[in-house]
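> Output the structure for:
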Amino acid sequence: MSPWVLRGLRNGVVTTRWPGRPDPYADGWRGPATVLDPRPGGPPGQQAPAGLAGPAAPDRAGLASLCPTGAITIAADGAVRLDQGRCILCGRCVELRPDVFGWSQGAAAAALSRDGLLVPEEPGAEQEIAAVRAALRARTAALRRSVHLRHVDAGSDGAEEQEIMALLNPVYDINRLGIFFTASPRHADVLLVTGAGAHGMAEPLRRTYTGMPDPKIVIAVGTDAVSGGLIGSHLGSYATAAGVGEAVPVDVWVPGSPPSPFNILHALLAALGRLPHRAAKG
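As a prediction, this is how the structure comes out:
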């Protein structure tokens, strides 16, 4: 008997049942950094100067400088905010200030608006997200159980492509959900875009988007596609834009460097309105 047959019998079915059933691997996946305490005091062992409420001025500057992509900012009221769309998962903020920052968990990292990747959320964000979700669901109601994806690399380093291709392996088996890849924009319902938004790919990306029939969905996959990552998020670059949002209208933003297959799958199902309630973000 072939060793592959024996291996198959020994391993049994390896395909995840997520999102229909919980998956410990999906629920335990480490996502972008998040803010644990938006109003910290000084660094451990250091007290703020007398007369100052909240973080001391040197501490504010120190927190903002922890991130190489400028994802950490200090609001006017002194609260710490983090843009998960710029997080490259380097872990520097979590390592140096575990009292302020930690890792998010689970597959639900995507957001339906760019501002939805800012943590903590602004007051009233839930109502805004609900309105965006309802509008997207109405627009994509015609997309039923057979959905086709077109992927375009707009200046990626290849990391996101590996995660996208993993969706076709026996563990994730995206075809079981009626989702398939296509080589032609004319047959595509969803456009997956990776990369930092290379200027040379802006026009091909727009042509691909224009060639897709309506209704269509655009998903920015990875921190590079969301914000430009290290080379485009805040430093600027002669070769890339700050993500792909300048070239095409993005419906779903997926942070991560790279995001996991579960993160990408969650974004697809969220865009199609096919997520069970317990699997939705928040």
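> Hmm, Gly85 and Gly256 touching each other?
No - at 9.9 Å, Gly256 does not count as touching Gly85 under the criterion of CB atoms under 8 Å. For glycine as for every other residue, the C-beta is placed from the backbone atoms N, C-alpha and C.
> overlap in contacts of these two?
Shared contacts of Gly256 and Gly85 (CB atoms under 8 Å, 6 or more residues apart in numbering): Thr223.
> For the lengthiest helix in the chain, list every residue counted as buried.
In the chain, assigned by DSSP state H, the helix with the most residues is helix 125-139. Of the residues in helix 125-139, 125, 129, 133, 136, 139 count as buried by neighbour count, 16 or more other CB atoms under 10 Å.
> didn't the third one look like it was pressed against Leu112?
Yes - judged on CB under 8 Å, Arg133 makes contact with Leu112 at a distance of 5.8 Å.
> So for those two, which residues contact both of them?
Ala270.
> Let me see the domain layout of the chain.
As assigned by automatic domain parsing, the chain contains the domains 30-105, 114-279.
> where does the closest residue in space to Arg150 that isn't next to it in sequence fall, phi/psi-wise?
Excluding its sequence neighbours, the residue lying closest to Arg150 (CB to CB, 6 or more residues apart in numbering) is Ala188, at 3.6 Å. Per-residue torsions, Ala188: phi -90, psi 140 (degrees, to the nearest 10).
> Check Val94 too.
phi -70, psi -40.
> Could you measure from it over to His148?
38 Å (CB to CB, to the nearest Å).
> Can you list the residue ranges for strands in the chain?
Taking DSSP state E as the test, the strands found in the chain are 30-35, 72-74, 80-83, 101-105, 118-119, 147-153, 179-181, 190-194, 217-221, 252-254.
> Can I get the ones you listed in CSV including mean neighbour count?
Below are the strands of the chain laid out as CSV (neighbours: other CB atoms under 10 Å):
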stretch, mean neighbour count
strand 30-35, 21
strand 72-74, 20
strand 80-83, 23
strand 101-105, 17
strand 118-119, 20
strand 147-153, 21
strand 179-181, 18
strand 190-194, 27
strand 217-221, 26
strand 252-254, 28
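> now those in CSV, with mean pLDDT?
As requested, the strands of the chain are exported to CSV (pLDDT from 0 to 100):
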stretch, mean pLDDT
strand 30-35, 94
strand 72-74, 92
strand 80-83, 94
strand 101-105, 95
strand 118-119, 93
strand 147-153, 96
strand 179-181, 96
strand 190-194, 97
strand 217-221, 96
strand 252-254, 96
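> May I see those strands organised as JSON lines, with distance to Ser65 added?
Output for the strands of the chain, formatted as JSON lines (distance: least, CB to CB, whole Å):
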{"stretch": "strand 30-35", "distance to Ser65": "15"}
{"stretch": "strand 72-74", "distance to Ser65": "8"}
{"stretch": "strand 80-83", "distance to Ser65": "13"}
{"stretch": "strand 101-105", "distance to Ser65": "13"}
{"stretch": "strand 118-119", "distance to Ser65": "19"}
{"stretch": "strand 147-153", "distance to Ser65": "32"}
{"stretch": "strand 179-181", "distance to Ser65": "42"}
{"stretch": "strand 190-194", "distance to Ser65": "29"}
{"stretch": "strand 217-221", "distance to Ser65": "27"}
{"stretch": "strand 252-254", "distance to Ser65": "25"}
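> now for these, which one comes closest to Trp18?
Closest of the strands of the chain to Trp18 is strand 179-181, at 13.6 Å (criterion: CB to CB).
> mind listing what Cys67 touches?
Going by CB under 8 Å, 6+ apart, Cys67 touches 82, 86-87, 92-93.
> Name the nearest of these relative to Asn169.
For these, the closest approach to Asn169 (CB to CB) belongs to Cys87, at 26.3 Å.
> Tell me how far the closest residue in space to the closest one that isn't next to it in sequence lies from Pro276.
Once flanking residues are discounted, Cys87 sits nearest to Pro32: 4.0 Å by CB to CB, 6+ apart. Look at Pro32 and Pro276: by CB to CB, they are 23 Å apart.
> likewise Gly155?
35 Å.
> Those two: who's more crowded?
More neighbours surround Gly155 than the other of Gly155 and Pro276, with 26 against 12 (other CB atoms under 10 Å).
> If we ignore the residues flanking it in sequence, what's nearest the more buried one?
Leaving aside its chain neighbours, Gly155 sits nearest to Ala198 (3.2 Å; criterion: CB to CB, 6+ apart).
> count of neighbours near the one you found?
21.
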